[in-house]
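> give me a model of this one.
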Amino acid sequence: MNILVLHGPNLNMLGQREPGHYGVATLKSITARLEAMAAADDIRLQHFQSNHEGALIDRVQQAASEDVAGIIINPAAYTHTSIALRDALLAVAIPFVEVHLSNIHKREAFRHRSMLADQAMGVIAGFGEHSYYLAYQGLIANLRQDA
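Numbers count the residues shown, from 1 in each chain. From the prediction side, this is the model:
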């Protein structure tokens, strides 16, 4: 099974950026842990991070031709603004889980609205780096159940 893990803007700064909200884990350490989990499950992960909305959209569209079974996406700030990213996910019709390190509902009001959540298989938020691991487990369990 092939899974795409997408990381939106500023997530390349994890470990340095606002550790009170996002924790001290780096994107590299999160990726390594996900890779270990995937190896144990015989899952192939592809990772992509960009600070650019168009690059994320291009990567979602590319996934449609790569036999990607599911997507784990932390859209970061694009969660609240990107109808284009939403449209790309809907166009490819690949099941996805939305991930957030912080609990977006405990933060500023503008962060409470997600452009993706109503189309996601699930949303995991507020568990720091563990949000990614929970999203991975939920996505894999649901994809295997549906197979």
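
> sec struct for the spatially most central residue of the chain, please.
Most central in the chain under C-alpha atoms, centre = their mean is residue 73, positioned 1.7 Å from the mean C-alpha point. Of the three states, residue 73 takes strand according to DSSP: H, G, I helix; E, B strand; the rest coil.

> same deal with the one 4 residues further on?
Classification of residue 77 using three-state DSSP returns helix.

> pLDDT value on it, please?
Model confidence at residue 77, given as pLDDT, is 90.

> pretty sure it contacts residue 9?
Yes - counting by C-beta atoms under 8 Å, residue 9 is a contact partner of residue 77 at 5.6 Å. For glycine as for every other residue, the C-beta is placed from the backbone atoms N, C-alpha and C.

> looking at the residue nearest to the centre of the chain now. What's its pLDDT?
Residue 73 is assigned 98 on the pLDDT scale.

> any idea what it is bridged to?
For residue 73, the beta-bridge partners are residue 6, residue 98 (DSSP bridges).

> change the start of the numbering to 30 and stick with it
Got it, the first residue is 30 from now on, which makes the last one we talked about residue 102.

> distance of it relative to residue 87?
Look at residue 102 and residue 87: by C-beta to C-beta, to the nearest Å, they are 14 Å apart.

> mutual contacts of those two, please.
Both residue 102 and residue 87 lack any common contact, where contact means C-beta atoms under 8 Å, 6 or more residues apart in numbering.
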